[in-house]
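Participant: okay, sequence plus prediction incoming.
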Amino acid sequence: MDDAQLSIDPAAASAPEKPAAYRVLARKYRPSSFADLIGQEPMVRTLENAFELGRIHQAYLLTGVRGVGKTTTARILARAFNYELPDKGIDRPTIHMDEPGVHCQAIIESRHVDIIEMDAASHTGIDDVREIIDNARYRPVMARTKVYIIDEVHMLSKAAFNGLLKTLEEPPEHVKFIFATTEIEKVPVTVRSRCQRFDLRRIDPALLADHLRGICEKEGVAIEPEALAMIARAAEGSVRDSLSLLDQAIAHGGENIAAADLRAMLGVADKALVIDLFEAIMAGDVAKAIAMLEDQYNGGADPAQVLLEMAEFTHLALRLRVAPETAEAAALTPEEKRRGQDAAARLSVPALSRAWQILMKAIEETRASPRPLASADMALVRLAYAADLPTPDEALRKLGFGEAAPTGGAAPASRSPGGGGAPRASLAVAASAAPAPRAISAPAAKAATRALAGFEQLVALAGEKRDIRIKIALETEVRLVRFEPGRLEFERAPGASSGLAQTLPQKLLDWTGERWMVSVVASGGAPSLAEQRATQERERRTGLEADPLVASLLTKFPGAQIVAVRSKTVEATPARDAEPDAGYDDIGYPTPDDDGYEPWNE
């Protein structure tokens with residue numbers, strides 16, 4: 001052999017090996033078995049029982065928000081369908097895959113010939129589905145089961161869905177279908193009914209933070225607990241999003257990730273500063289709050305994100321007030337827990353609810369605004385001046401209804417001496433953390449002295465309250481059976497609505513200050529007031545038609561009819577009492593005066 005053929009290039013021998021391509025954390029730590037999945041215990045338990053009992057379905061539909069593990073679960077299922085370990089005599093479907101089987105690595109890497117993955121976003125037509133149907137007839141090449149994984153299945157066209165139905169309902173024994181989607185409502189019900197559906201849940205922030213902590217330990221990265229909680233909250237329950245953020249945080253901060261660095265990277269404000277801003281604005285100190293927001297904006301914080309975090313703290317304070325056990329949540333930092341409990345003790349539920357509504361509307365406006373900082377400033381001003389709005393009991397006192405019962409609401413509004421004239425804490429300051437007992441409002445207490453002796457008085461009361469709808473309903477729809485203080489029993493007139501019996505008790509409570517029992521019976525009611533008036537009108541017309549004068553008029557004018565009957569009552573005057581015939585004719589009508597003036601024609 002030629003010496004030149006045996007020679008080795010010294011440069012090639014000494015050249016360093018090419019480093020392996022970097023794998024992002026979301027791929028590097030992608031679960032490969034059901035034991036690695038986090039937060040999806042109900043689904044894992046159902047599948048485990050199904051595999052143990054041999055009740056493996058022909059099609060599965062996985063739904064959930066992005067990044068919770070739909071495609072990963074589909075690949076794990078495909079691996080479970082085809083798990084095979086000849087050395088240990090395992091050749092059957094199972095979810096217990098303690099070590100890689102014959103087909104596992106190829107399935108995990110999405111390169112197995114019998115595991116066909118299709119993205120419905122780019123293969124939406126009937127031709128793509130026809131290809132699946134044609135190929136489904138043939139047995140798998142290597143594995144036990146041929147598996148079709150269709151991601152974003154809701155993107156398929158209507159014709160594609162229809163073409164898939166028959167094969168989906170009666171597939172060959174060697175075929176399984178796994179569908180994944182983020183928009184389950186767009187999948188036709190005919191497809192959903194042929195699949196076993198699993199709703200993958202968002203991952204709890206505390207569980208997600210623990211998962212990220214374990215990955216950081218494996219990667220040799222030190223990260224502050226506050227930074228972990230920040231990533232878990234920003235991911236909104238998505239594991240993939242959290243790993244992408246962690247990847248970015250490692251690239252930004254290196255092997256030591258501080259909360260301050262992560263805050264700058266994400267463009268969020270310091271949680272303590274957000275709480276400071278919340279407390280300043282709820283105290284009515286507008287000038288201080290605007291200055292604090294500007295400082296955070298200059299530090300890189302997004303104004304809309306600051307308002308969002310204020311809304312999150314508002315929600316936390318409200319939950320701590322109505323459900324104190326929320327303080328035990330592992331995702332809360334000691335600072336959030338302490339200051340959240342303090343805010344819950346000082347601020348009333350109506351105040352927190354009002355603040356939430358203002359902030360949520362302001363977030364949308366700020367995100368759409370060409371000047372986000374100015375929009376956020378205006379939102380803070382609105383939030384501060386909302387404190388000037390009186391609580392219901394204060395409004396009743398100002399309207400002159402007397403002293404209202406305490407409701408655990410805000411203290412009377414006062415002005416902050418250094419806050420630019422904004423109100424101080426009147427939006428929210430509660431007397432104590434515990435909610436006050438419920439009491440009858442001032443109008444109800446005042447109306448409690450009003451007693452109703454009869455049904456007609458109830459109708460009159462509805463008129464006094466200017467509730468015309470209830471008044472008309474009482475007159476036309478109620479056939480009275482029984483009426484006494486605190487109790488009303490009636491039969492519905494023909495054509496009456498069914499809502500009166502549900503509406504009337506609250507109306508009576510508001511009007512009288514007493515609780516009323518309103519019941520409806522099937523029969524036995526007297527005619528309604530409208531029916532009684534109609535009967536009286538008919539009787540009066542009948543009697544009037546029998547009058548000889550009226551009868552003669554009706555005869556002389558064919559087609560004439562009596563439209564209405566009105567009685568004219570003339571009050572007695574001293575002059576008439578003294579001289580009955582002075583100025584009146586024989587039947588009691590005024591007579592013309594000397595000039596021919598006829599007073600009844602006015």
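Facilitator: Here it is on my side, so go on.
Participant: so where is this structure shaky, pLDDT-wise?
Facilitator: 1-20, 267-269, 330-331, 387-450, 567-602 (pLDDT under 70).
Participant: quick check: buried residues in the helix or strand containing residue 350?
Facilitator: In this structure, residue 350 sits in helix 349-368 according to DSSP states H and E. Residues 349, 350, 351, 352, 354, 355, 356, 358, 359, 362, 363, 366 are the ones in helix 349-368 that count as buried (16 or more other CB atoms under 10 Å). For glycine as for every other residue, the C-beta is placed from the backbone atoms N, C-alpha and C.
Participant: which helices and strands does the helix or strand following that helix pack with?
Facilitator: With elements assigned by DSSP H and E, the helix or strand that comes after helix 349-368 is helix 372-385. In terms of contacts (3 or more CB pairs under 8 Å, 6 or more residues apart in numbering; DSSP states H and E), helix 372-385 is packed against helix 271-282, helix 286-298, helix 303-322, helix 349-368.
Participant: could you report the neighbour count for the closest residue to residue 83 other than its chain neighbours?
Facilitator: Among residues not flanking residue 83 along the chain, residue 101 sits closest, at 4.8 Å (CB to CB, 6 or more residues apart in numbering). Neighbourhood size, residue 101 [other CB atoms under 10 Å]: 21.
Participant: residue 101 contacts residue 81, doesn't it?
Facilitator: No. Applying CB atoms under 8 Å as the test, residue 101 and residue 81 come out as separate, 11.1 Å apart.
Participant: ranges for the helices of the stretch 1-150 of the chain?
Facilitator: Secondary structure of the stretch 1-150 of the chain by DSSP state H, counting those that start in this stretch: the helices cover 3-6, 10-14, 25-28, 41-53, 70-81, 104-108, 126-136.
Participant: highest average neighbour count across those helices?
Facilitator: A comparison of the helices of the stretch 1-150 of the chain by mean neighbour count, using mean count of other CB atoms under 10 Å, puts helix 70-81 on top with a mean of 24.
Participant: what does that helix rub up against?
Facilitator: By CB atoms under 8 Å, 6 or more residues apart in numbering, the surrounding residues in contact with helix 70-81 are 30-34, 37, 40, 43, 47, 51, 56, 60, 62-64, 93-95, 97, 101, 103-104, 107-108, 110, 112, 115, 143-145, 147, 149, 151, 176, 178, 180-182, 198, 200.
Participant: 6 Å instead?
Facilitator: With contacts defined as CB atoms under 6 Å, 6 or more residues apart in numbering, helix 70-81 is touched by 30-31, 34, 62, 64, 93, 95, 104, 107, 115, 145, 147, 149, 151, 176, 178, 180.
Participant: check stretch 91-106 too.
Facilitator: Residues outside stretch 91-106 that contact it (CB under 6 Å, 6+ apart): 33-34, 47-48, 51, 79-85, 112, 143.
Participant: ok, now stretch 109-121?
Facilitator: With CB under 6 Å, 6+ apart, stretch 109-121 has contacts from 78, 103, 106-107, 140-143, 146-153, 155-156.
Participant: show the end-to-end separation of it, please.
Facilitator: Taking CA to CA, to the nearest Å, the first and last residues of stretch 109-121 lie 21 Å apart.
Participant: ok, back up a step: between helix 271-282 and the helix holding residue 350, find me the angle.
Facilitator: Put simply, helix 349-368 runs at 110 degrees to helix 271-282, going by axes from the mean of the first three to the mean of the last three CA atoms, to 10 degrees.
Participant: report the inter-axis angle for helix 349-368 versus helix 372-385.
Facilitator: Using the same axes, to 10 degrees: helix 349-368 against helix 372-385 is 160 degrees.
Participant: in what helix or strand does residue 460 lie?
Facilitator: helix 455-464.
Participant: list the helices and strands the helix holding residue 350 packs on?
Facilitator: Counting contacts by 3 or more CB pairs under 6 Å, 6 or more residues apart in numbering; DSSP states H and E, helix 349-368 is packed against helix 303-322, helix 372-385.
Participant: and among those helices, the most buried is which?
Facilitator: Highest mean neighbour count among those (mean count of other CB under 10 Å): helix 303-322, a mean of 22.
Participant: report the distance from it to the chain centre.
Facilitator: Chain-centre distance of helix 303-322: 16 Å, with CA atoms, centre = their mean, to the nearest Å.
Participant: tell me the angle of the following helix or strand past that helix relative to helix 271-282?
Facilitator: Next along the chain after helix 303-322, taking DSSP H and E as the criterion, comes helix 334-346. Inter-element angle recorded for helix 334-346 and helix 271-282: 20 degrees (by the same axes, to 10 degrees).
Participant: the inter-axis angle of helix 334-346 versus helix 303-322?
Facilitator: Here the directions of helix 334-346 and helix 303-322 differ by 60 degrees (the same axes, to 10 degrees).
Participant: how far out from the middle of the chain is helix 334-346?
Facilitator: How far helix 334-346 lies from its chain's middle: 25 Å, per CA atoms, centre = their mean.
Participant: name the helices or strands packed onto it?
Facilitator: Using 3+ CB pairs under 6 Å, 6+ apart, the elements in contact with helix 334-346 are helix 303-322.
Participant: report all helices and strands that the helix it packs on contacts.
Facilitator: Using 3+ CB pairs under 6 Å, 6+ apart, helix 303-322 sits against helix 271-282, helix 334-346, helix 349-368, helix 372-385.
Participant: switch those over to TSV; also include distance to residue 300.
Facilitator: Output for those, formatted as TSV (distance: least, CB to CB, whole Å):
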stretch	distance to residue 300
helix 271-282	12
helix 334-346	21
helix 349-368	16
helix 372-385	13
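Participant: right, and those - which one's nearest residue 514?
Facilitator: Checking these against residue 514 by CB to CB gives helix 349-368 as the closest, at 26.4 Å.
Participant: got the contact list for the closest one?
Facilitator: So helix 349-368 is contacted by 303-304, 307-308, 310-311, 314, 317-318, 372, 375-376, 379, 382-383, 386, 410, 427-428 (CB under 6 Å, 6+ apart).
Participant: repeat that for stretch 480-500.
Facilitator: Residues outside stretch 480-500 that contact it (CB under 6 Å, 6+ apart): 455, 473, 477-479, 514, 516-519, 521, 523-526, 528.
Participant: burial of the nearest residue to residue 231 once chain neighbours are set aside, as a residue count?
Facilitator: If the residues on either side of it in the chain are set aside, residue 231 comes closest to residue 245, at 4.9 Å by CB to CB, 6+ apart. By the criterion of other CB under 10 Å, residue 245 has 21 neighbours.
Participant: got the domain ranges for this protein?
Facilitator: As given by automatic domain parsing, the domain ranges for the chain are 25-199, 267-388, 448-526, 568-602.
Participant: the ones you listed: which one's closest to residue 532?
Facilitator: So among these, domain 448-526 is nearest, using CB to CB, at 8.1 Å.
Participant: residue 491 should be in a strand, yeah?
Facilitator: Yes. According to DSSP: H, G, I helix; E, B strand; the rest coil, residue 491 belongs to a strand.
Participant: now it: how far from residue 521?
Facilitator: Using CB to CB, to the nearest Å, residue 491 is found at 5 Å from residue 521.
Participant: and the two? which has more neighbours close in?
Facilitator: Between residue 491 and residue 521, counted using other CB under 10 Å, the more crowded position is residue 491 (18 against 13).
Participant: over to residue 215: give its phi and psi.
Facilitator: phi -70, psi -40 (degrees, to the nearest 10).
Participant: who's in contact with it?
Facilitator: Counted by CB under 6 Å, 6+ apart, residue 215 has contacts residue 29.
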